[in-house]
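**Q** Coordinates only, no sequence provided:
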């Protein structure tokens, strides 16, 4: 409303108290900020366990995944979209983004030199410790060359599956090599054209919609990508050259700003709930 003269910021009769009493938590009170034009923010989900996939198929609009090869990524993407169909949703209603690390320089040699420089400061052991905290597995009980066997935990159960791709023969030594920069995401190294080739191949061969760009050094990792990779992608027509107007949801799905009427969350809108 924003009526400065009357000193009214909002219409009091349109500010509604949240009243949620559920199995896991109770909430009564008023939200502390005004809603965006989207009302419900775009719904992101991360986690590729069986339960995570089912939850994403029912509720998510965007899904974050992590994978190490094209085959396992394609299988995960196909599974998510198939489950969305089983839930009565359009498979295109899910946008799937893969975490990725990019090390780029003007030439391939310079990119690999940069990677080697990063390794001087990185701690694979710290990366393994971080990975252990997420997967719920104590890797200290393994020798460097002992094969890692599946363990059921109450942590992020898909972590090991995502990193190893379900392949046998993974050892602590291989994990340390994979986690050399401290993160578990696929790492692409090369000149701008090589990085662009690899990004386009991931999209074409796996069915993902895009990437969640991770940093190794801030802000250098992002600056390198912006200055070197994006112009290459723009030249190929694979990346936008300007921002469109509208909300994030409208840009992602080419529809309205609000949650689609057939989404389960739409039933919780106040008007629908009262009806």
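**A** Thanks, I have it. The structure displayed is predicted, hence computed values, not measured ones.
**Q** Heading C-terminal from the host helix or strand of residue 116, find the next helix or strand.
**A** For residue 116, the element it lies in under DSSP states H and E is helix 108-121. Using DSSP H and E, the next helix or strand after helix 108-121 towards the C-terminus is helix 124-135.
**Q** mind listing what's buried in that next one?
**A** By neighbour count with 16 or more other Cβ atoms under 10 Å, helix 124-135 contains the buried residues 124, 127, 128, 131, 132, 135. In short, each C-beta sits where N, CA and C put it, glycine included.
**Q** Going by distance to residue 235, which of these wins?
**A** residue 127 (34.6 Å; Cβ to Cβ).
**Q** before we move on, back to that, closest to residue 214 out of the buried residues of helix 124-135?
**A** Residue 214 lies nearest to residue 127 out of the buried residues of helix 124-135, by Cβ to Cβ, at 12.5 Å.
**Q** With adjacent residues omitted, what lies nearest to that closest one?
**A** Spatial nearest neighbour of residue 127, excluding adjacent residues (Cβ to Cβ, 6 or more residues apart in numbering): residue 179 at 3.4 Å.
**Q** That neighbour contacts residue 131, doesn't it?
**A** Yes - Residue 179 lies in contact with residue 131 (Cβ atoms under 8 Å); the separation is 6.0 Å.
**Q** Going by contacts, tell me the helices and strands next to the helix or strand hosting residue 189.
**A** Assessed by DSSP H and E, residue 189 sits inside strand 186-190. Applying 3 or more Cβ pairs under 8 Å, 6 or more residues apart in numbering; DSSP states H and E, we find strand 186-190 packed against strand 95-104, helix 108-121, helix 192-206.
**Q** Alright, that wraps it up for me.
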